[in-house]
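1. sequence and predicted structure, then a few things I'm wondering about:
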Amino acid sequence: MRGNDAGGAALITVLLLPLLLVTLASSLELGALRVVASRARAAADLATVVAIGDQDEETLRLTGRYRPAGDAEDVARSYLAANLEGLQASLGAASTDVAAAADVAVFRDAASRAEGSLMLILVLCYLPALMLLVVVPLVLTLLAGLDLVGP
């Protein structure tokens, strides 16, 4: 004979519900973070392309060589800040602060100096170039709401 196990399923559900909620919240949070990371990467890429595309017209006219404009770092930071504005709710800092803290390296005349030397930072890159390194602080909203992680 079988005993009465009618409440067993309800007990298992009640015991596993917190685990299921945490798993669901972390899955949603990870998906949202991946979307924000992808958008932040696109914002950095666009800022880099715009900054390197702003050429020094005088040098181009006189020598026929491309050379980034003198304000390429400022252009990269301003476009990065503008592109990160749409992610402001997910950022852990203001977009202008993130852009101001970004490391921007402009290689203006590197083409003549790089011949025969090994460039470890820029792999397969046509010089002159601009490198942008951004650390984007993010906010964990769902998991912070569950009080599993700090703010």
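-> Received it, and whenever you're ready, just let me know what you need. In this text, all values refer to a predicted model and were calculated from it rather than measured experimentally.
2. ok so residue 132 is a helix residue?
-> No. Residue 132 is assigned strand when assessed by DSSP: H, G, I helix; E, B strand; the rest coil, not a helix.
3. and it, how many neighbours?
-> For residue 132, the number of neighbouring residues by other Cβ atoms under 10 Å comes to 22. No exception for glycine: its C-beta is placed from N, CA and C like everyone else's.
4. let's see the pLDDT reported for it.
-> pLDDT recorded at residue 132 is 73.
5. that one bridge partners, please.
-> When bridges are called by DSSP bridges, residue 132 pairs up with residue 104.
6. contacting residues around it?
-> Neighbouring residues of residue 132 by Cβ atoms under 8 Å, 6 or more residues apart in numbering: 44, 47, 48, 51, 76, 80, 102, 103, 104, 105.
7. out of those, which is nearest to residue 96?
-> residue 80 (9.4 Å; Cβ to Cβ).
8. and that closest one, what does it touch?
-> Contacts of residue 80 were listed using Cβ under 8 Å, 6+ apart, and they are 43, 44, 47, 95, 98, 99, 102, 132, 134.
9. the second one contacts residue 135, correct?
-> Translated: residue 44. No. With contact defined as Cβ atoms under 8 Å, residue 44 does not reach residue 135; the gap is 10.7 Å.
10. now the common contact residues for these two.
-> residue 102.
11. check contacts around residue 71.
-> Here residue 71 is in contact with residue 54 (criterion: Cβ under 8 Å, 6+ apart).
12. so what's residue 51 closest to, chain neighbours aside?
-> residue 76 (3.7 Å; Cβ to Cβ, 6 or more residues apart in numbering).
13. residue contacts, that neighbour?
-> 47, 48, 50, 51, 102, 104, 130, 132.
14. could I get the residues you listed as CSV with distance to residue 35?
-> Putting the contacts of residue 76 into CSV (distance: Cβ to Cβ, whole Å) gives the following:
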residue, distance to residue 35
47, 19
48, 21
50, 23
51, 25
102, 21
104, 25
130, 26
132, 20
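15. what is the most widely separated pair among these?
-> 50 and 102 (13.9 Å).
16. give me the most central residue, the chain.
-> residue 40 (3.5 Å; Cα atoms, centre = their mean).
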